[in-house]
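A.B. asks: the amino acid sequence is not available; the structure is as follows:
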């Protein structure tokens, strides 16, 4: 039994958890996949359980990217400091270059639905009455030289969605204020 465990650990070290085969068209540039891009036709789907961000064009899946989340990737965000990534329908609020992780795509969390979940959690005692809902959730890159955090599925953010800088740079060109972002478990 111990030998099987050792072999399994060696395999995990040799083969990273992230595999390109799990991501649609990851080896292609978006400019190869979509001609004459209309930003109004772009939306984003984030599947936390799959560690995946997918670009949709006219509701068709075009390309997906590996992503990581807050240190509690399983639960929905209910309050500031819970290290959870929120689930629901959001929109891009703003986007800008960021000195620590290349680009920042700021989403409009908290939404009315986020507030409903937050207030319900307060009412049923799941979170303290004094809890704040939080904010400043976004999609961003990693500190320079730390792409391995994505490859190893290391959930390091406080609730944001993080991907490799080269990937966030590609997505950044396609989005606009108001782009729809759906985050599912």
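C.D. replies: Alright, I've got the coordinates. Just so we're clear, the structure is a prediction, and the values are computed from it rather than from any experiment.

A.B. asks: got the contact list for stretch 31-42?
C.D. replies: 25, 30, 55, 56, 57, 58, 62, 63, 174, 175, 176, 179 (Cβ atoms under 8 Å, 6 or more residues apart in numbering). For every residue, glycine as well, the C-beta is placed using N, CA and C.

A.B. asks: pick out the most distant pair among those residues.
C.D. replies: 25 and 176 (21.8 Å; Cβ to Cβ).

A.B. asks: so between these two, which is more surrounded?
C.D. replies: The neighbour comparison of residue 25 against residue 176 (other Cβ atoms under 10 Å) goes to residue 25, with 17 against 11.

A.B. asks: show the contacting residues for the more buried one.
C.D. replies: 33, 62, 63, 64.

A.B. asks: in helices only, show me the contacts of stretch 31-42.
C.D. replies: residue 30 (DSSP state H).

A.B. asks: from the contacts of stretch 31-42, which is closest to residue 116?
C.D. replies: When the contacts of stretch 31-42 are compared against residue 116 (criterion: Cβ to Cβ), the nearest one is residue 179, at 23.1 Å.

A.B. asks: residues near the closest one, how many?
C.D. replies: The local packing of residue 179 (other Cβ under 10 Å) involves 19 other residues.

A.B. asks: ok, it - contacts?
C.D. replies: By Cβ under 8 Å, 6+ apart, the neighbours of residue 179 are 39, 42, 43, 44, 91, 92.

A.B. asks: farthest-separated two in those?
C.D. replies: Longest distance between any two of the contacts of residue 179 is 13.0 Å, between 39 and 91; criterion Cβ to Cβ.
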